[in-house]
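Asker: structure for the following, please:
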Amino acid sequence: EEVPSQTFDNKDYFCGKETFPVYESVFTEEGETIRKIAVETEKPPQIEIHVWTIRKGILRHFYVEKMSKREFEELPYFKQITRTTPSQWKIFSEGEAQISQMCESRVCRTELEDLVKVLYLEKSEKGHC
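Answerer: Sure thing, here's the model as predicted:
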């Protein structure tokens, strides 16, 4: 029996809620891991990229950059990981601000992983919206 593949633009998949695509890029250089989480918004039409620099599990540097969709499309390494709703993105952004303060002085691998999981939406069963 074939399992239907997840299509990110299927409104039924998320009960008709407004969603945005979320992208991720992770690479390591000189002992640091640079993890980028990007979201594409329509109002205004832009890409917001949250950049975390992690060294030995400690969040060393964190910042947000914004760019046009055209500029973003020229960047290598990003892959779409999910779609998220505006409310989930708000939870992610607020959690990120707390973590960036907490994790300046201690290892925070699990906190960062858990924060990214907030962006994933639960698939709704048909008729349970």
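
Asker: list the buried residues in the helix with the most length in the chain.
Answerer: Of all the segments of type helix in the chain, defined by DSSP state H, the longest one is helix 86-102. Within helix 86-102, the residues scored as buried using 16 or more other C-beta atoms under 10 Å are 88, 89, 92, 95, 96, 99, 100. Where you see a C-beta, it was placed from the backbone N, CA and C, and this is true even at glycine.

Asker: which is the next helix or strand following it?
Answerer: Using DSSP states H and E, the next helix or strand after helix 86-102 towards the C-terminus is helix 109-117.

Asker: would you mind pulling up the elements that that next one packs against?
Answerer: strand 45-55, helix 86-102 (3 or more C-beta pairs under 8 Å, 6 or more residues apart in numbering; DSSP states H and E).

Asker: chain center to the last one, what's the gap?
Answerer: The reference is to helix 86-102. Once both centres are worked out by C-alpha atoms, centre = their mean, to the nearest Å, helix 86-102 turns out to sit 11 Å from its chain's centre.

Asker: next, the angle from that helix to strand 45-55.
Answerer: Angle of helix 86-102 versus strand 45-55, following axes from the mean of the first three to the mean of the last three C-alpha atoms, to 10 degrees, is 30 degrees.

Asker: tell me which helix or strand of the chain sits lowest on mean pLDDT?
Answerer: In the chain, no helix or strand scores lower on mean pLDDT, DSSP states H and E than helix 109-117, which sits at a mean of 84.
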